[in-house]
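Q: Show me how the following folds:
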Amino acid sequence: MADMLVAQRHELLLRELKAHGALKIVELAARLRVSSATIRRDLAELAAAGKVTRVRGGAMLVTRRGAPDQAHVRQWARTARATPPAPTPGDDGPMLGLLVPSMNYYYPQLVAGVRGAAARRGARVVIGLTTYAEPRDLGQIEELVASGAAGLLVTTAEGHHTPAGTLDGLRATGLPFVLVERQPRDPYEPCEFAMSDHRQGAYTAVRHFAALGHDRVGLFVNGSPTAGLIREGHAAAVRSLGLDPSAPVVDGGRPVLVSAEAVRHYDGFIERCLATGTRAALVHSDHDAIELARRLRLRGLRTPDDLALIAYDDEIASLAEVPLTAVAPPKQELGERAAQLLLDRLHAVEPPAVRQLVLQPRLVVRASCGAAAAGHASADGAGSTS
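A: Sure thing, here's the model as predicted:
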């Protein structure tokens, strides 16, 4: 019976669009006496079937030639310019589905950026959570679609490069989507994404150490999806700046913080730094940098005198006993820009060009690198902060 009701509603939608050419979601919802969320789902199904074209806040009928009537397109564009979307979320605003792998580290700022950008353009956000330990990306994507999301912002838990199967699943939804802090493995994949340039972030940290006179810069990473990019940036800086490649590079994986396994990795890294004469290190993440500094102190060593440190993430780096210089990805701005990309596509009369956005992190200089904050430029050229 439910299927019959859906089919009947689709037929009524097509009749209304045939009679009027183009209608807004709120108008269709009023005519059919259903919610705007129901209309958005129906229009997504009809658009996937090639029967309608979705435009900002509504839809128009597709002609037999497979394209919307150009007179209706021009009329809709004039109406859209004359009546911009409401500045606050409403029932007729689109719902953005947001998938993230964590809400207790790194991603809260990104989520805040998404919510702010959505609110300014009359949209709202529904969130889905996956996990690094047990990724359930596709299941969460399906739930976001079922909740009535008009488009998707997706950070997968399965590595920096979104798996091909997940991309196929995203396309199968028929909804526009933007990858966030992720990208396809194939550089020629026509897929929108917004991400931080973590290679550049690592390069900037190593360059800062080199400017302070260090000829060896070690690297400690924690097995996260970002780790590979940080290693690439570190290696590129060591090569191009002519630094000694004997400095240790360690990936400690993802052991439980302060567990025996984690302590073994920290102590092993310190031993290798001492053995090679390495007196500077880039450490991902803030938690790892704080624990590494604590292990140094237990040995009677000091930061930055015996081992200068730069943390990567800048979530809690300023709260360390010796405040940590840190690479700070633009998390909140990234969330804002990603939401804007998706909303632009949802509101467009004609599909915009595929856009791939990369933002550079900045370096925030504090005490742990051995340089005073004043007078040292940050990566964005605006000067360091403390």
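Q: which residues in the stretch 101-250 of the chain form helices?
A: Per DSSP state H, counting those that start in this stretch, the stretch 101-250 of the chain has helices spanning 107-120, 137-146, 164-172, 198-211, 227-240. These are given in chain order.
Q: what's the closest of these to residue 186?
A: Counting by CB to CB, residue 186 lies closest to helix 164-172 out of the helices of the stretch 101-250 of the chain; the figure is 8.1 Å. From N, CA and C alone the C-beta is placed, and that goes for glycine too.
Q: Buried residues of that closest one, list them for me.
A: When burial is assessed from 16 or more other CB atoms under 10 Å, helix 164-172 yields the following buried residues: 166, 167, 169, 170.
Q: Out of these, flag the one nearest to residue 262.
A: Among the buried residues of helix 164-172, residue 166 lies closest to residue 262 (CB to CB), at 29.7 Å.
Q: if I pick the closest residue in space to residue 232 that isn't next to it in sequence, what's in contact with it?
A: Closest residue in space to residue 232, ignoring its immediate chain neighbours: residue 199 at 5.2 Å, by CB to CB, 6 or more residues apart in numbering. With contacts defined as CB atoms under 8 Å, 6 or more residues apart in numbering, residue 199 is in contact with 229, 230, 232, 233, 236.
Q: Of these, which is the nearest to residue 326?
A: For those, the closest approach to residue 326 (CB to CB) belongs to residue 230, at 12.8 Å.
Q: tell me the pLDDT at that closest one?
A: Reading off the confidence values, residue 230 has pLDDT 98.
Q: Does it touch residue 312 like I think?
A: Yes. Judged on CB atoms under 8 Å, residue 230 makes contact with residue 312 at a distance of 6.2 Å.
Q: Can you pick out the residue with more neighbours from these two?
A: It is residue 312, of residue 230 and residue 312, that has more neighbours when counted by other CB atoms under 10 Å, with 32 against 27.
Q: Next, work out how far apart residue 262 and residue 102 are.
A: From residue 262 across to residue 102, the span is 18 Å (CB to CB, to the nearest Å).
Q: out of those two, which sits in the more crowded spot?
A: Neighbour tally, residue 262 and residue 102, criterion other CB under 10 Å: the higher count belongs to residue 262, 20 against 14.
Q: Report the spatially closest residue to that one, excluding sequence-adjacent ones.
A: Nearest in space to residue 262, with sequence neighbours left out and distances taken as CB to CB, 6+ apart, is residue 255 at 4.3 Å.
Q: same thing with residue 243?
A: Taking CB to CB, 6+ apart as the measure, residue 243 lies nearest to residue 215, with 5.7 Å between them; neighbours along the chain are not counted.
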